[in-house]
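Engineer: Pasted the sequence and its predicted model underneath.
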Amino acid sequence: MAKRVLIVEDDKDLHNLVNVVLTREGYEVVDAFDALEGLQKLSELKIDLALLDIMMPGMDGLQMLHRLRADHPLLRVIMMTAMSTPEAAVSALREHACDFLAKPFDINNLVKAVRTALELAPQEISVEVLSARPEWIELRVACDQAAIEPLERIMAQLKTDLPATTREQVTYAFREMLRNAIEHGGKNDPSQTIEVGYLRTPRVILYRIKDPGEGFKVESLYHSALLNPEGDPMHHEKVREEMGLRPGGFGILIARDMVDEMIYNERHNEVMLIKYLDGEKSPIDKMAQDQ
């Protein structure tokens, strides 16, 4: 049986485009052009996924999301909006939206987001929100690679005021270290969780990521570009192939260059990424961070 997707969007041109594309993908599409109509459809039909626009006349998408959670606590919801603000992202997190698409978006990204949301069990796409203030976010996230892109898109809305280069650097470092925590610390086991923290001040952005693993020793990372012998920048790829690992190994090395400081705890199962926003850097020697 085809999965049923509810579209709640007042822009008729975009609404019709999304309808055509999702219908072509094999989904059964239910249309609503405002929040009240959307809530009515939810009361009448079993819906597998809802796509909600935020900026609508009358009740907006965030208000609708809050209302529907009373009767549909596990409904998978993707927010769509041109209103890319930290407040919107925080509200979406608080109400357990599983993805956040900023307009204008590539329609292929929408299809991918829909497919990802519908392929995951509700407990795998939910994020436990411990703190949801624009300047202080704390989350628990299931150790599933499919959670990375949706979480990255939501967290990116917290940095829309930053220069594009800074935003891209911080986002890359966050994504790579999140991937490492899920893959190596959590062993891609959705029953395990990682802790994600985000702190923002006028001078600094700080991410904290803690995985449930036993940690590691830097000198044991033969599969990482960090330990490549001088003159052999691809040595780690041979090691990864022998170990049956996916191609890669540059993540930590590149992520470290994207931020001003990368600091591990003693066990190396918790990392802080620090990016200074005022041009000043800490005198901490980056070489010492590997010890």
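Structural biologist: Alright, I've got the coordinates.
Engineer: Against Q145, how distant is the closest residue in space to L130 that isn't next to it in sequence?
Structural biologist: Closest residue in space to L130, ignoring its immediate chain neighbours: E138 at 3.9 Å, by C-beta to C-beta, 6 or more residues apart in numbering. Any C-beta I mention is one placed from the backbone N, CA and C, and that applies to glycine too. Distance of E138 to Q145, given as C-beta to C-beta, to the nearest Å: 22 Å.
Engineer: Tell me the first helix or strand C-terminal of the helix or strand harbouring R140.
Structural biologist: Assigned by DSSP states H and E, R140 belongs to strand 136-142. Toward the C-terminal end, the helix or strand that comes next after strand 136-142 (DSSP H and E) is helix 148-156.
Engineer: buried sites along that next one?
Structural biologist: I148, P150, L151, E152, R153, I154, M155, A156 (16 or more other C-beta atoms under 10 Å).
Engineer: can you give me how far it is from the chain middle?
Structural biologist: 2 Å (C-alpha atoms, centre = their mean, to the nearest Å).
Engineer: Output the buried residues of helix 148-156 in TSV, with distance to D60 and pLDDT appended to each entry.
Structural biologist: Shown next, in TSV, are these (distance: C-beta to C-beta, whole Å; pLDDT from 0 to 100):
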residue	distance to D60	pLDDT
I148	28	88
P150	21	84
L151	23	87
E152	24	88
R153	19	84
I154	17	83
M155	22	85
A156	21	84
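Engineer: Between those residues, which sits nearest N180?
Structural biologist: Nearest to N180, judged by C-beta to C-beta, of these is I148 at 10.7 Å.
Engineer: Flag the shaky bits of the chain, pLDDT-wise.
Structural biologist: Within the chain, the segments meeting pLDDT under 70 span 121-126, 216-251, 279-291.
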